[in-house]
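> Let's see this in three dimensions:
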Amino acid sequence: MVRKLLLGSLGLLVLVGVLLTAAWLSLRAPAPQGRLLATSDAERYLLAASREGETDIVTGLVKAGTPVEARDARGFSPLILAAYHGHTETVKALLAAGADACAGDNRGNTALMGAAFKGYADVVKILNAQPCAVDQTNRLGQTALMFAVLFGRDEVADQLRHQGASPAVRDASGRSAEDWARTQAPVAPVAPALPNEAPTARVR
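Alright, predicted model coming up:
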């Protein structure tokens, strides 16, 4: 009986000693400098920097380990955002970091489709050099060439045709790029209201 009491007391003393040691070490540990950046925060910063064309920030975040294929709720990647907003150098940096030029957003729209929609010929030229099908389609069967001709992006349309884009490919509604060209209206390019009636490469 006495032996059990002694062993119990010894165990209690050891436990108290461990707790006191841990508390002492925690007081001696240096305080963390600044706030640790959560991965989700880093991804949001990467998306925002790509949208704004902040190439240095984009490069730094990717080098720090932020996933280059980060996505927002609509499926927009850093590359899609950079291409849509015409940031040539940011597009180059993201591709150099391994961004997938062939990946689409939640609707299947790719970086090339976004750049074609906006008429950024320099960005389209860079993306055309990637190993993606020039006639890659989104979920409505629409191609980059369809976006280009619908909104009168003649230089971009010529680049795409030179790359091998076919004006005969038809989307889910049965319309080809030539059909879309005939429906072109001389107004400022905006995303159509009805996704079943016009291409929908819309990013804000």
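
> ok, the nearest residue to Y45 once chain neighbours are set aside to P131 distance?
Leaving aside its chain neighbours, Y45 sits nearest to L61 (6.1 Å; criterion: Cβ to Cβ, 6 or more residues apart in numbering). Using the backbone N, CA and C atoms, a C-beta is placed for each residue, glycine as well. When distance is defined by Cβ to Cβ, to the nearest Å, L61 is 25 Å away from P131.

> which one of those two has more residues nearby?
For L61 against P131, the residue with the higher neighbour count under other Cβ atoms under 10 Å is L61, and the figures read 24 against 6.

> Could you verify that that one is part of a helix?
Yes: counting by DSSP: H, G, I helix; E, B strand; the rest coil, L61 is found in a helix.

> Does it touch L46 like I think?
Yes: under the criterion of Cβ atoms under 8 Å, L61 makes contact with L46 at 4.7 Å.

> Count the residues that sit near D154.
By the other Cβ under 10 Å criterion, the neighbourhood of D154 contains 11 residues.

> swap that for L145, sorry
Under the neighbour criterion other Cβ under 10 Å, L145 is assigned a count of 29.

> Name the secondary structure element that contains it.
Element membership for L145, per DSSP states H and E: helix 144-150.

> Residues in contact with that helix: which ones?
Applying Cβ atoms under 8 Å, 6 or more residues apart in numbering, the contact partners of helix 144-150 are 110, 112-113, 115-117, 119, 124, 134-136, 153-154, 156-157, 160-161, 165-167, 169, 171, 175-178, 180-181, 183-184, 198-199, 201.

> And the next helix or strand past that helix?
helix 154-162.

> could you dump that next one to PDB, C-alpha only?
As requested, C-alpha coordinates have been extracted for helix 154-162 and formatted as PDB (Å, rounded to 0.1, in the frame of the first residue of the first chain):
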ATOM      1  CA  ASP A 154      -9.800  41.200 -86.300                       C
ATOM      2  CA  GLU A 155      -6.100  41.000 -85.400                       C
ATOM      3  CA  VAL A 156      -6.800  38.200 -82.800                       C
ATOM      4  CA  ALA A 157      -9.000  36.400 -85.300                       C
ATOM      5  CA  ASP A 158      -6.300  36.400 -87.900                       C
ATOM      6  CA  GLN A 159      -3.700  35.100 -85.400                       C
ATOM      7  CA  LEU A 160      -6.100  32.200 -84.400                       C
ATOM      8  CA  ARG A 161      -6.800  31.300 -88.000                       C
ATOM      9  CA  HIS A 162      -3.000  31.300 -88.700                       C
END
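
> now that helix: mean pLDDT?
Confidence for helix 154-162, expressed as mean pLDDT, is 96.

> Can you spell out which helices and strands pack onto it?
Here helix 154-162 is seen to pack against helix 111-118, helix 121-128, helix 144-150 when contacts are counted using 3 or more Cβ pairs under 8 Å, 6 or more residues apart in numbering; DSSP states H and E.
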